[in-house]
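> fold the following.
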Amino acid sequence: MRNLTFVDNNEITLLESGVAFFPALIAALDAAKYEVLFETYIFAEDETGERVRDALIRAARRGVKVRVLVDWFGTGHRCCGRLGPELTAAGVQYRVFNPLCKRGIARSHRKIAVIDRDVAFVGGINTNDDWLCDHADGHRLPAPRWDFTVRVRGPLVAQIHHEAAGQWMRTGRLRLRKRLQLFREMRKQPLPSCESPARAAFVVRDNLRNRATIQKAYLQALGHARDSVLLATPYFAPGRKFRKALAHAARRGVKVTLLIGVGEFRIQDAVAHSFYPKLLADGIRVVEYRKTQLHAKVAVVDDDWATVGSSNCDGLSLFVNQEANVVVNDPAFAATLRRHIERGIADGVEVCPQEFAHTGWLQRASYGAAYMLYKLVMRVVTIGYT
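Model prediction:
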C-alpha cells in the first residue's frame with residue numbers, strides 16, 4: 001500500500017459546525033484578492049446559502065476570479081437552475097457536476113474552498129443552515145447539525161488548490177489552449193508558507209486514479225493502531241476490508257469506539273444495526289448519537305493521527321462518490337478532535353451487547369433485509385465504477 005504524502009509546516013484549525021465555519025469562510029471570501037475555487041454538495045436556498053452566495057458575488061464584483069462548482073443531485077435541479085443565473089450575472093463562473101445524472105449516480109460530495117492559494121477549507125459541512133434538516137424542507141433540528149471542517153494554511157494548500165482546479169477543468173469543456181492558460185495562472189501565484197509544525201496530507205477519492213485512496217488511508221491507520229480508535233460517521237456500512245480492519249484492531253487490544261448517527265433514515269439505521277452483532281462480538285464499542293443530526297466524518301487513531309473530510313464510512317462514499325479528506329499527523333490537533341468526539345460520545349447512547357442480544361427475531365429479520373437491499377443497490381450503482 002502506498003503511503004500518504006505528508007507535508008510539514010501547516011496550520012490546521014478545526015472548525016465545529018457552521019457557527020465556526022461560515023464566519024471564517026465569509027471572512028476569507030471578503031479578503032480574496034484574485035481567485036476563489038469553491039465546491040459544495042448542497043448549496044441551499046436558505047439564509048446561510050444567501051450569505052455565502054452574497055460573499056461570492058461581492059468577490060466577483062471586486063474583480064476576483066470566482067469559480068463555483070455544485071453537485072446536481074445534492075443541490076437539486078431547481079436550486080441549481082436559480083443559483084446559476086444569480087452568480088453568473090455577477091461575473092461568477094458557475095458549473096454543475098453531473099447535471100441530470102448523465103454520468104449515472106456519480107456525485108461530487110466534496111466540500112472545498114481555496115482562496116488566493118493562501119487558505120483552504122476542507123470538510124463535511126454543506127452550504128446550508130445548521131438548524132434545518134438536509135432532506136426535509138423546513139424541518140427544524142433539535143440542536144444544530146454536528147459537523148466539522150478544517151481551515152488549512154501552509155504548503156498543503158497548493159495540493160488542495162491543484163485538485164480543485166483540476167476538478168473545475170474536468171467538469172468543463174475547455175480546449176487545450178485554455179487548460180494550458182489556467183495551469184500557467186496557477187503556477188504564477190506564490191506558494192503559501194507557515195511556521196506551524198503540523199504534518200498533513202490531502203486525500204481524494206474518484207473513479208480514475210484514486211478509487212480506494214480514502215479507504216486505504218483508514219486501513220493503514222487502523223493497521224498501525226496501538227491504543228485507541230475513535231470514529232464518528234453519520235452512515236455506517238463499509239466494505240469487508242474496513243470491517244475486518246476494525247475487528248483486527250479490537251482483537252489486538254485497541255479500544256475501538258464507533259459513534260454512529262441515527263434517526264435520519266430508518267433504512268440506513270437498519271443497515272447499520274445489521275452490523276452490530278459482529279461489531280459487539282469483536283469487542284468494538286458502539287454508541288448511537290441521538291442529540292441531533294450527526295453529519296461529521298471524523299476519526300482519531302492513537303495520539304497523533306486524525307482525519308476530517310466529506311467521506312462517510314459507507315459504500316457510496318468509499319466506492320462511488322467524489323470525496324475529499326485531510327489527514328493530520330499532529331498530537332495537538334488529534335487531542336483537540338478527540339475531545340470533540342468524546343463529547344459527542346457522552347451525548348450518545350451506548351449499545352449494550354446484552355440488550356441488543358434480546359432483539360426480537362422480526363426486528364433482526366428487518367435488519368438483515370435492509371442489509372440485503374443495501375448490497376443489491378450498491379451492486380447496481382457500482383456497475384461501471386469498478
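
> hmm, who's touching stretch 43-60?
Outside of stretch 43-60, the residues within contact range by CB atoms under 8 Å, 6 or more residues apart in numbering are 18, 22, 25-26, 29-30, 32, 36, 38, 66, 68, 70, 75, 79, 82-83, 86-87, 90-92, 126-130, 132. In this view, the C-beta of every residue, glycine as well, is placed from N, C-alpha and C.

> for stretch 127-136, same thing?
17-19, 40, 42-44, 46-49, 52, 126, 138-141, 144-145, 147, 264-265, 293, 295.

> which of those residues fall in helices?
Under the assignment DSSP state H, the contacts of stretch 127-136 contribute Ser17, Gly18, Val19, Glu47, Thr48, Gly49, Val52 to helices.

> state the distance from the fourth one to His295.
Pointing back at Glu47 there. According to CB to CB, to the nearest Å, Glu47 and His295 sit 18 Å apart.

> of the contacts of stretch 127-136, select the buried ones using a PyMOL command.
Filtering these down to the buried ones (16 or more other CB atoms under 10 Å) takes a single PyMOL command:
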select buried, resi 17+18+40+42+43+44+48+49+52+126+141+144+145+147+264+293+295
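
> so which of the contacts of stretch 43-60 are in strands?
When the contacts of stretch 43-60 are checked against strands (DSSP state E), the matches are Val36, Phe38, Val66, Val68, Val70.

> and of those, the nearest to Gly239?
Proximity to Gly239 was ranked across the ones in strands among the contacts of stretch 43-60 by CB to CB; first place goes to Val70, at 28.5 Å.

> tell me the contacts of the closest residue to Ala106 other than its chain neighbours?
Counting by CB to CB, 6 or more residues apart in numbering, Ala106 lies nearest to Asn98, which is 5.2 Å off, once chain neighbours are set aside. By CB under 8 Å, 6+ apart, Asn98 lies in contact with Asp71, Trp72, Phe73, Ala106, Arg107, Ser108.

> apart from its neighbours in sequence, what residue is nearest the third one?
Spelled out, that is Phe73. Spatially, and ignoring its direct neighbours in sequence, Phe73 is nearest to Arg107 (5.2 Å; CB to CB, 6+ apart).

> count of residues packed around the one you found?
Neighbour count of Arg107, defined by other CB atoms under 10 Å: 21.

> phi, psi for it please.
Main-chain torsions, Arg107, degrees, to the nearest 10: phi -130, psi 140.

> and the gap between it and Ala332?
Counting by CB to CB, the gap from Arg107 to Ala332 is 34 Å.

> show me which positions of the helix ranked longest in the chain end up buried.
The longest helix of the chain (DSSP H) is helix 361-381. Using 16+ other CB under 10 Å as the test for burial, helix 361-381 gives Ser366, Tyr367, Ala370, Tyr371, Tyr374, Met378, Val381.

> who are the packing partners of that helix?
Helix 361-381 sits against helix 266-281, helix 315-319, with contacts defined as 3 or more CB pairs under 8 Å, 6 or more residues apart in numbering; DSSP states H and E.

> before we move on, back to that, give the contact list for the residue nearest to Phe73.
Tyr41, Asp71, Phe73, Gly74, Phe97, Asn98, Leu316, Val320, Asn321, Gln322.

> nearest to Ala158, of these?
Closest to Ala158, out of all of those and judged by CB to CB, is Gln322, at 20.1 Å.

> touching stretch 218-232 from outside, list them.
1, 3-4, 241-242, 245-246, 248-249, 252, 254-260, 289, 294, 296-303, 305, 307, 313, 327, 338, 341-342, 344-345.

> drop anything exposed from the residues you listed.
4, 242, 245-246, 249, 254, 256-260, 289, 294, 296-302, 305, 307, 313, 327, 338, 341, 344-345.

> phi, psi of the residue lying closest to Lys291 once chain neighbours are set aside?
Leaving aside its sequence neighbours, Lys291 sits nearest to Asp347 (CB to CB, 6+ apart; 4.5 Å). Dihedral pair for Asp347: phi -80, psi -10, per degrees, to the nearest 10.

> next one: Asp129
phi -70, psi 130.

> so how far is Ala164 from it?
25 Å.

> out of these two, which sits in the busier spot?
Per other CB under 10 Å, whichever of Asp129 and Ala164 has more neighbours is Ala164, with 24 against 20.

> so for stretch 281-299, mean pLDDT?
Average pLDDT, stretch 281-299: 96.

> just the C-alphas of that stretch, formatted as CSV.
Extracted C-alpha coordinates of stretch 281-299, given in CSV (Å, rounded to 0.1, in the frame of the first residue of the first chain):
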residue,chain,number,x,y,z
ALA,A,281,-18.8,-9.7,19.5
ASP,A,282,-15.4,-8.4,18.3
GLY,A,283,-15.2,-6.1,21.3
ILE,A,284,-16.0,-2.8,19.5
ARG,A,285,-17.9,-0.2,21.4
VAL,A,286,-20.9,1.2,19.5
VAL,A,287,-22.5,4.4,20.5
GLU,A,288,-25.5,6.0,18.8
TYR,A,289,-25.6,9.8,18.5
ARG,A,290,-29.2,11.0,19.0
LYS,A,291,-28.8,14.6,20.1
THR,A,292,-29.3,16.0,16.6
GLN,A,293,-28.3,15.1,13.0
LEU,A,294,-24.7,13.8,13.1
HIS,A,295,-23.0,14.8,9.8
ALA,A,296,-19.4,14.6,11.0
LYS,A,297,-17.0,12.3,9.2
VAL,A,298,-14.0,12.3,11.5
ALA,A,299,-11.6,9.9,13.2
